[in-house]
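Student: sequence below, structure please.
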Amino acid sequence: LSGSNTYTGATTVSGGTLATNSLGSTGSLTLDGGTLSAASVSLSTSVAVTVGSGGATVDLSNGSVTLNGTLTGSAGLTVNSTVAGNVLSIPVANGGTYSGTVTLNNGILQFGNDTAFGSGTLAINGGKVRAAGGTPRTIANALALGGTFTMAGSAALTFTGAVNLNGSTRTINDSISADLTFSGVVSNGSLTVSNQGTGAVVLGGANTYTGTTTV
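Tutor: Predicted structure coming up:
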């Protein structure tokens, strides 16, 4: 859908991919086993997005995606991209409406609100995480690290939820000058801190992991 669409009804993607630059001015979008992507350059939409029981995928390979509407559901949302610098940005609060696991494989998760990505676990397998607009964020989601955790942008991030290293050695990289803080319990693995920026990685919890810490 490459036009400046004005339809106001509901859109459901139950399989395959919907690539669009416009989803209309009102209405809703349900992703139930389907994928949403920008047709080209970027997609910004204010429609409400529901993640159905089949889960949902946002593919950033063609461009960045901004979801300004409410995100609801409890199934998983996966973020993929073949372009590392493209962004899934959510500027609104979704802590009371979305509880599924958000899995980041590549691309960037951008927090425009502390509860932008709901209340479920953030599974970070790759990509980067950053705050929007240079505003520090305090994020309560639990973290499950399946790859390197990299903080980008310009503002500090504090994660207050538990951090699961998933039984392996995980690398945390604060690539900017602001601090990256984990105040929840870090468990189940080993930790390597390999910062490219001048900010510090701060471990503020009563951590229980028993593996090696490498700085």
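Student: what is the longest strand seen in the chain packed up against?
Tutor: Of all segments of type strand in the chain, defined using DSSP state E, the longest is strand 163-174. With contacts taken as 3 or more Cβ pairs under 8 Å, 6 or more residues apart in numbering; DSSP states H and E, strand 163-174 sits against strand 143-145, strand 149-151, strand 180-182, strand 186-193. All C-beta spots, glycine's among them, are computed from the backbone N, C-alpha and C.
Student: not counting the longest one itself, show me its contacts.
Tutor: Read it as strand 186-193. For strand 186-193, contacts defined as Cβ atoms under 8 Å, 6 or more residues apart in numbering pick out 145, 162-174, 201, 203, 205, 207-209, 211-215.
Student: in the longest strand of the chain, what's buried?
Tutor: Residues of strand 163-174 classed as buried by neighbour count (16 or more other Cβ atoms under 10 Å): Val163, Asn164, Leu165, Arg170, Ile172, Asn173, Asp174.
Student: can you tell me what sits against that strand?
Tutor: 142-151, 180, 182, 184-197, 199-201, 205, 209, 211-212.
Student: partners of the one helix or strand in the chain whose mean pLDDT sits lowest, with directions?
Tutor: When the helices and strands of the chain are scored by mean pLDDT, DSSP states H and E, strand 10-13 comes last with a mean of 82. For strand 10-13, the paired strands and their directions (DSSP bridges) are strand 28-31 (parallel).
Student: got the CA positions of the partner strand in CSV?
Tutor: Output of strand 28-31 as CSV, limited to C-alpha atoms (Å, rounded to 0.1, in the frame of the first residue of the first chain):
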residue,chain,number,x,y,z
SER,A,28,-7.0,-0.4,13.8
LEU,A,29,-4.4,-3.0,12.8
THR,A,30,-4.3,-6.6,13.9
LEU,A,31,-1.1,-8.6,13.4
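Student: and that strand, how far from the chain's centre?
Tutor: Counting by Cα atoms, centre = their mean, to the nearest Å, strand 28-31 is centred 18 Å from the centre of its parent chain.
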